[in-house]
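Visitor: With the sequence up front, the predicted model follows.
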Amino acid sequence: MPLYMDIHKGVEGLTAEAVAAAHQKDLEAQEKHGVKYLRYWFNEDDGSVFCLSEAPSKEAAEAVHREAHGLLADEIIEVKEGE
């Protein structure tokens with residue numbers, strides 16, 4: 001299944017706790033859309049969040065965020081894992 005990286009930019013008031021809570025909501029909603037969120041990274045200083053998922057399409061990955069918490073990514077790109 002393809003890998004996708006969601007990129008969220010400039011999330012105001014971003015905290016580690018808020019990102020963890022949003023990720024948990026993604027995990028609760030993902031199965032319905034055939035998606036598996038794997039990991040996330042964030043930078044509290046500039047409000048950036050990066051989410052890695054396996055998904056049948058970028059639209060499916062976006063649907064999970066929409067349903068889980070409404071925080072849609074600014075960009076979703078297909079990526080491949082290096083060795």
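Guide: Happy to help now that I have it. Numbers count the residues shown, from 1 in each chain.
Visitor: so what's residue 76 up against?
Guide: Shown in contact with residue 76 (CB atoms under 8 Å, 6 or more residues apart in numbering): 4-7, 58, 61-62. (C-beta placed from N, C-alpha, C; glycine too.)
Visitor: try 7 Å this time
Guide: Residues in contact with residue 76 (CB atoms under 7 Å, 6 or more residues apart in numbering) are 4, 6, 58, 61-62.
Visitor: Then residue 11?
Guide: Contacts of residue 11 by CB under 7 Å, 6+ apart are 47, 49.
Visitor: Which strand or helix spans it?
Guide: Using DSSP states H and E, residue 11 falls within no helix or strand.
Visitor: how close does it sit to residue 69?
Guide: Distance of residue 11 to residue 69, computed by CB to CB, to the nearest Å: 11 Å.
Visitor: rewinding a little: wait, which of the contacts of residue 76 is closest to residue 46?
Guide: Nearest to residue 46 among these, counting by CB to CB, is residue 6 at 16.0 Å.
Visitor: show me where the chain has helices.
Guide: Along the chain, the stretches classed as helices by DSSP state H are 16-29, 58-68.
Visitor: residue nearest the centroid of the chain?
Guide: The residue lying closest to the centre of the chain (CA atoms, centre = their mean) is residue 51, at 3.6 Å.
Visitor: Does it touch residue 40 like I think?
Guide: Yes: under the criterion of CB atoms under 7 Å, residue 51 makes contact with residue 40 at 4.7 Å.
Visitor: so where is this protein shaky, pLDDT-wise?
Guide: Within the chain, no stretch has pLDDT under 70.
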